[in-house]
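Peer 1: I'd like to go over a predicted model; first the sequence, then the structure.
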Amino acid sequence: MPVKTMDELDKEILNQLQEGVELVPEPFKAVAETLGTDEETVLSRVRELKKDTIRQISAIFDTRTLGYKSSLVAAKVREEHLDEAARIINQHPGVTHNYKRNHEYNLWFTIAVPPNSRIGLEKTVELLGKLAGVEVIRLMPTLKLFKIGVQLDMTGKQDGTKAKAKPSYNEEDRKKADKVITDFDIAVIRELQKDLPVQSRPFDLYAQNLGLSTEELLDAAKKMLERKQMRRFAAILNHRKAGFRFNGMGVWAVPEDRADEIGPVMASFKAVSHCYLRPTYPDWPYSIFTMVHGRTLEECEKILQAIEDETGITERATLYSTKEYKKTRLQYFTPDMDEWEERVIREQKIEA
């Protein structure tokens with residue numbers, strides 16, 4: 001369904017699904033009740049929206065809480081070699097986002113490796129840089145999480161320069177999270193990370209696959225939310241198809257002694273979907289990263305200017321994505337990464 005044909009109810013449904021899907025036997029009925037319509041209307045519209053605008057509806061887990069190690073990575077690549085480098089890097093199953101950006105560091109990707117990785121995060125990134133033939137590759141790990149959670153305002157009723165966010169997953173949640181993951185938890189995670197069927201009782205199938213009742217499955221899911229292992233169960237949109245064609249990674253040179261003060265202020269803007277403290281380097285003075293999404297370049301710039309006006313931090317750069325090489329959800333506890341590592345260890349004769 002093209003964006004231009006969406007009516008207000010479609011947009012309200014998208015906002016609701018992004019905020020979170022209730023972990024109840026009939027979640028689409030719950031959405032309908034919230035929006036003052038009926039379940040069949042919601043199901044019909046979500047099926048249409050899934051053809052184009054909704055990427056996936058599933059559990060969104062916290063990677064680090066599940067024992068995975070992850071990082072944002074910046075690389076400098078010769079322009080004529082950029083597409084090929086991205087193709088090689090994308091072969092790693094733990095690479096979920098990969099973009100060309102308008103900066104000297106022109107390739108940016110996120111990567112995660114599982115708890116049982118034989119190579120480890122740092123060596124994996126170093127190896128990917130070598131295989132891809134990059135000039136420089138830099139780990140940009142999260143030193144502190146101020147906010148994570150994409151929620152695009154589909155209705156256009158909110159002023160991105162002023163709207164404040166509801167509390168979202170942050171460093172305190174991560175600290176409180178239960179790091180113990182049982183075999184039962186892993187089995188549940190494998191089901192809940194699948195794309196939710198658009199039907200009246202979608203969780204029934206997951207429960208059947210596990211030999212559980214639907215109530216038992218939902219109880220396990222709710223406990224994962226309580227233990228801060230799951231951030232939320234929600235819809236992820238195709239940003240561009242949803243009308244948000246620009247994403248700007250605003251990076252800020254914040255004095256080290258002010259990071260704890262400034263980070264939460266930047267994160268409080270609803271238009272900011274991600275806000276992190278990351279390491280600096282001699283040629284990279286920017287410590288706080290804020291991701292904003294906009295329908296236009298001007299919209300993104302207005303949001304970033306509003307953040308600058310409120311915080312007084314003026315030294316910043318904005319890196320816009322000019323090409324999307326990969327964007328997917330990380331699949332937890334699957335054999336793909338073990339297979340990738342086994343192949344690379346054998347081909348590269350790595351001691352692991």
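Peer 2: Arrived safely.

Peer 1: what number of residues lie near the residue nearest to residue 141 when sequence neighbours are not counted?
Peer 2: Nearest residue to residue 141, sequence neighbours excluded (CB to CB, 6 or more residues apart in numbering): residue 71, at 4.2 Å. Any C-beta I mention is one placed from the backbone N, CA and C, and that applies to glycine too. Other residues lying near residue 71 total 20 when counted by other CB atoms under 10 Å.

Peer 1: sec struct for residue 71, please.
Peer 2: Secondary structure, DSSP: H, G, I helix; E, B strand; the rest coil: residue 71 is strand.

Peer 1: Let's see the pLDDT reported for residue 293.
Peer 2: On pLDDT, residue 293 comes in at 88.

Peer 1: Check residue 332 too.
Peer 2: With respect to pLDDT, residue 332 has a value of 97.

Peer 1: Report the secondary structure state of it.
Peer 2: coil.

Peer 1: Could you list which residues are in contact with it?
Peer 2: By CB atoms under 8 Å, 6 or more residues apart in numbering, the contact set of residue 332 is 61, 66, 68, 114, 186, 189, 190, 193.

Peer 1: any idea how far residue 208 is from it?
Peer 2: Distance, residue 332 to residue 208, by CB to CB, to the nearest Å: 21 Å.

Peer 1: With residue 349 instead?
Peer 2: Taken as CB to CB, the span from residue 349 to residue 208 is 45 Å.

Peer 1: where in the protein is pLDDT low?
Peer 2: 1-4, 150-152, 155-167, 352 (pLDDT under 70).

Peer 1: Where is the longest strand in it?
Peer 2: Of all segments of type strand in the chain, defined using DSSP state E, the longest is strand 316-327.

Peer 1: Convert the C-alpha atoms of it to PDB, please.
Peer 2: The C-alpha coordinates for strand 316-327 follow below in PDB (Å, rounded to 0.1, in the frame of the first residue of the first chain):
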ATOM      1  CA  ARG A 316      28.600  18.300  15.600                       C
ATOM      2  CA  ALA A 317      28.500  16.500  12.300                       C
ATOM      3  CA  THR A 318      25.600  14.800  10.600                       C
ATOM      4  CA  LEU A 319      26.200  11.700   8.600                       C
ATOM      5  CA  TYR A 320      23.300  10.900   6.200                       C
ATOM      6  CA  SER A 321      22.900   7.500   4.700                       C
ATOM      7  CA  THR A 322      23.200   7.700   0.900                       C
ATOM      8  CA  LYS A 323      22.900   4.000   0.200                       C
ATOM      9  CA  GLU A 324      21.400   1.100   2.200                       C
ATOM     10  CA  TYR A 325      23.400  -2.100   1.800                       C
ATOM     11  CA  LYS A 326      21.700  -4.200   4.500                       C
ATOM     12  CA  LYS A 327      18.900  -3.800   7.000                       C
END
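
Peer 1: I would like the residues contacting the helix or strand just after it, please.
Peer 2: The helix or strand immediately downstream of strand 316-327 is helix 336-348, counting by DSSP states H and E. For helix 336-348, the surrounding residues in contact (CB under 8 Å, 6+ apart) are 91-94, 113-114, 116-119, 127, 350, 352.

Peer 1: now stretch 280-289
Peer 2: By CB under 8 Å, 6+ apart, the list of residues contacting stretch 280-289 from outside reads 72, 74, 105, 138, 140, 146, 249-254, 256, 259, 262-263, 266, 274-279, 315-317.

Peer 1: residues of that stretch that come out buried?
Peer 2: Neighbour-count burial for stretch 280-289, counted by 16 or more other CB atoms under 10 Å, picks out 284, 286, 287, 288, 289.

Peer 1: CA atoms only for that stretch, dumped as PDB, please.
Peer 2: The C-alpha atoms that make up stretch 280-289 are tabulated as PDB, following Å, rounded to 0.1, in the frame of the first residue of the first chain:
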ATOM      1  CA  THR A 280      36.500   9.100  20.600                       C
ATOM      2  CA  TYR A 281      39.700   9.000  18.500                       C
ATOM      3  CA  PRO A 282      42.300  11.600  17.500                       C
ATOM      4  CA  ASP A 283      40.500  12.200  14.200                       C
ATOM      5  CA  TRP A 284      37.000  11.600  15.700                       C
ATOM      6  CA  PRO A 285      36.000  14.000  18.600                       C
ATOM      7  CA  TYR A 286      32.300  13.000  18.600                       C
ATOM      8  CA  SER A 287      31.200  11.000  21.700                       C
ATOM      9  CA  ILE A 288      27.400  11.100  21.600                       C
ATOM     10  CA  PHE A 289      25.500   9.700  18.700                       C
END
